[in-house]
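Novice: Provide a 3D model corresponding to the input given below.
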Amino acid sequence: MVELGERLNSAMKARGVSITALSLAVGMSYQGIRKIVRQETKEMAASNCDKISAFLKINSKWLSTGEGQMDLVSEGIPPPPAMPDEAIAIASSRTTRIPVIGKGAGGLPERIWDDAGHPVGESDRFGMVYSSDPHAFLVEVSEESMLPKYTPGDFALVEPSSEAELEDDVLVRLATGQTMIKRLLSQRGAYRFGSYNNTAVLHYRFEDVTWVYYVPYPVPRRKIKDHW
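Specialist: This next block holds a predicted model:
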């Protein structure tokens, strides 16, 4: 029997859908879907299975149990066209106002949210962006080390409630107050961070880092509004 993760991975490849696109479309966490694809977990809630099957237009019984065929073409439902790898699927009905906090390369407070649940250092700008994290915020990108994925002048969505894993993009705040967007390379004994457009690796002791927050994807400047 083909495992759940293999079935899901096959369906995603057949439809040309990335983990990021699928997570945004069905409202599941990126990490949750990735663990299934990597077979780190072999179970999925029936409701999530139904949502994924509906989005991918595949047989939900096949996805959950492996029985039957993947495609629903025989039932008169054609498969959707393949989605480009770089595309980000966002359900517009699930978008919400996400505040812009400080800047991506400096000026972010040590605490992003106060005890009353209000963002600290919030600007007048916001973005209409999808996120299931109630504490999500946006930061402006101001350095070139993460090109071509993160362009200076654009923004990055940050989800503090999602645990960052190796190879994820993260927003890092150092004890000095400096903040930067990097790739998380290692957490063994110390932090190691990398970039996309150079091979330099940054090393920091745990005590030198205030926090590391997960960054799921970039947000273009055109999505940012100037006033609430």
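
Novice: all contacts plus neighbour counts: C-alpha atoms, from now on.
Specialist: Fine.

Novice: can you give me the strands for the chain?
Specialist: Using DSSP state E, the strands of the chain run over residues 95-101, 122-130, 137-140, 155-158, 169-174, 179-186, 191-194, 202-204, 209-215, 218-219, 224-225.

Novice: For Ala11, find the nearest of these.
Specialist: strand 122-130 (23.6 Å; Cα to Cα).

Novice: Which strands and helices lie in contact with the closest one?
Specialist: strand 95-101, strand 224-225 (3 or more Cα pairs under 8 Å, 6 or more residues apart in numbering; DSSP states H and E).

Novice: Comparing these by mean pLDDT, which bottoms out?
Specialist: If those are sorted by mean pLDDT, strand 95-101 sits at the bottom with a mean of 85.

Novice: Point out where this protein drops to low pLDDT.
Specialist: Within the chain, the stretches with pLDDT under 70 are 1, 72-94, 103-107, 115-118, 121-122, 227-228.

Novice: give the contact list for the nearest residue to Ala190 once chain neighbours are set aside.
Specialist: Excluding the flanking residues, the one nearest Ala190 by Cα to Cα, 6 or more residues apart in numbering is Arg205, at 4.9 Å. Residues in contact with Arg205 (Cα atoms under 8 Å, 6 or more residues apart in numbering) are 189-191.

Novice: how near is Arg205 to Ala164?
Specialist: 17 Å (Cα to Cα, to the nearest Å).

Novice: domain assignment for the chain?
Specialist: 4-75, 96-225 (automatic domain parsing).

Novice: Settle this for me: Asp124 is touching Ile224, isn't it.
Specialist: No. Asp124 lies out of contact with Ile224 (Cα atoms under 8 Å); the separation is 10.3 Å.

Novice: between these two, which one's more packed in?
Specialist: Between Asp124 and Ile224, counting by other Cα atoms under 10 Å, Ile224 is the more crowded of the two (20 against 12).

Novice: what's the spacing between that one and Trp211?
Specialist: Taken as Cα to Cα, the span from Ile224 to Trp211 is 25 Å.
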